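J.: Generate a structure from the sequence data that follows.
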Amino acid sequence: MVSILSYQDTVTETALYYKRLSSTTLQLEILSTIGIVKKWQNIMNKKMALVTGASDGIGLEFCKVLAGRGHDLILVARREQKLQDVARDLSEQYKVECIVMTADLSEPQAAQKLFQRVKIKQLNVNFLVNNAGLLANGSFTDLDLSTQENMLMVNVLALTSLTHLFATDMASRGGGHILNLASLAAWTAIPNQNVYAASKAYVLSFSHALADEMMVAGTGVVVTALCPGYTATKMLSNPDQGGLLKIPKAVISSPQSVAEKGINECLAGKTTIIPGLSNQMTAYVSQLFSKMMVTRLMGKMYRKNMT
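T.: Model prediction:
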C-alpha cells in the first residue's frame, strides 16, 4: 500500500508541476527533450568506420571509398603526423569527421588498448577494415626471428583480437561489416615468403569460418576476406622487406580498384573477394593440383624473380 500511495503522490506532484508551468516554458522543455533524443539518435545512426594501416596504400584508398559513402573515419597507423595530414585531406574533400588514433599493432595488447580508446570516446564502429599487415621476403632461417614474430603479431594476432572485440560489439547493436585483408598468397604455400603466406592463409580460413558463425547466429555481422594479388603499394616495392620480386606490370592492380571492390562487395555481403580475373584464375588453378606441386612451382618462380 505504501508503494502504491508513493507512486500516486509522485504522479500528482508531477501533474501539478506541469500545470504551474507557463505554456512557453513547457514547450521549451519538450523541445529540449526532443533535441536530446534526436542527438542520441544521430549518434546511434552515425556510420563510423575504423581502418588500420590507414596512412597510405590500400588502407588510404579504403578510407577514400568509405568517406565517399558518408562514413566518418577512425584512422589507425603508427605515424601520427602522416595520419593528421590524411585526416585533414579527407575531411576537406569528403566533409566527414576523421579521428586519428596512433597504434603499433605489433605490440602486445595494442588491439585491446585501441578498442578501449574507441569505447571511451563512445564511438560505435559499424565497419572495421583490418588492413594493417607486414611482409618479409627471404629464407625462413635467414630472416630475423623478431621480424617474423612481428609479422605474426600484426597479420594474425592483432587482426584476430580486433575482429573479436568489434564483432562482439557490432552483434550487440544488431550488425556491422568486417573486412579482413588476406591475400592471393593465402591460397598456396610460398617458399621464401612462407610466414607471410601462412599468416594470410590463416586470415582467409578464419574469415570464412567466422562469416558462417555470424550468419547462423543471426548477428547481422558480415565478415569478408579480401584477397588481392600484386598491388602497386610500398609493400610491393620496399627493398627493406628482404628482396623485390620482378612482376609484369600487366598483373599489378591499382590500390584504388582493390579498395573499391573490397568495400562494395563486403557491403553486398560477399564472403570472399579476389580482385582481377588473372588473380581469380590463379586461385582456382592452385586448387586443381597437389599442394606440394604448387608449392614447388611457386618456390621456383620466387627464387627466379627475386632480386
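
J.: Residue 203: neighbouring residues, count only.
T.: 24 (other C-beta atoms under 10 Å). No exception for glycine: its C-beta is placed from N, CA and C like everyone else's.

J.: and the helix or strand in which it is found, what does it pack onto?
T.: Using DSSP states H and E, residue 203 sits within helix 194-216. Judged by 3 or more C-beta pairs under 8 Å, 6 or more residues apart in numbering; DSSP states H and E, helix 194-216 is in contact with helix 145-152, helix 159-172, strand 176-181, strand 221-226, strand 272-273.

J.: can those go into TSV with extra columns for mean neighbour count and mean pLDDT?
T.: As requested, those are exported to TSV (neighbours: other C-beta atoms under 10 Å; pLDDT from 0 to 100):
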stretch	mean neighbour count	mean pLDDT
helix 145-152	15	96
helix 159-172	19	98
strand 176-181	24	98
strand 221-226	26	98
strand 272-273	18	98
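
J.: Any idea which of the ones you listed gets closest to residue 192?
T.: Each of these has some distance to residue 192 by C-beta to C-beta; the shortest is helix 145-152, at 12.6 Å.

J.: packing partners for the closest one?
T.: Applying 3+ C-beta pairs under 8 Å, 6+ apart, we find helix 145-152 packed against helix 194-216.

J.: Any buried residues in the helix it packs on, and which?
T.: 194-204, 206-207, 210-211, 214 (16 or more other C-beta atoms under 10 Å).

J.: Report the angle between it and helix 159-172.
T.: 10 degrees (axes from the mean of the first three to the mean of the last three C-alpha atoms, to 10 degrees).

J.: For helix 194-216, give me every contacting residue.
T.: 130, 133-137, 140, 143, 148, 151-152, 155-156, 159-160, 163, 167, 171, 180-183, 185-190, 220-225, 227, 271-272 (C-beta atoms under 8 Å, 6 or more residues apart in numbering).

J.: gap between it and the chain center?
T.: 14 Å (C-alpha atoms, centre = their mean, to the nearest Å).

J.: ok, now stretch 282-302?
T.: 29 Å.

J.: got the buried residues for it?
T.: 282, 283, 286, 294, 295, 298, 299, 302.

J.: The third one and residue 187 touch, don't they?
T.: Yes: using C-beta atoms under 8 Å as the test, residue 286 is close enough to residue 187 to be in contact (4.9 Å).

J.: helix/strand/coil for the most centrally placed residue in the chain?
T.: Computing the C-alpha centroid of the chain and ranking residues by C-alpha atoms, centre = their mean puts residue 129 first, at 1.2 Å. Classification of residue 129 using DSSP: H, G, I helix; E, B strand; the rest coil returns strand.

J.: Neighbours of residue 227, how many?
T.: Residue 227: 26 neighbours (other C-beta under 10 Å).

J.: What average pLDDT does the host helix or strand of residue 265 get?
T.: Using DSSP H and E, residue 265 maps to helix 255-267. For helix 255-267, the mean per-residue pLDDT is 97.

J.: Run the angle between it and strand 221-226 for me.
T.: 150 degrees.

J.: Distance from helix 255-267 to the middle of the chain?
T.: From the chain centre to the centre of helix 255-267 is a distance of 12 Å (C-alpha atoms, centre = their mean).

J.: list the helices and strands it packs on?
T.: Looks like helix 255-267 contacts helix 57-68, strand 176-181, strand 221-226, strand 272-273 (3+ C-beta pairs under 8 Å, 6+ apart).
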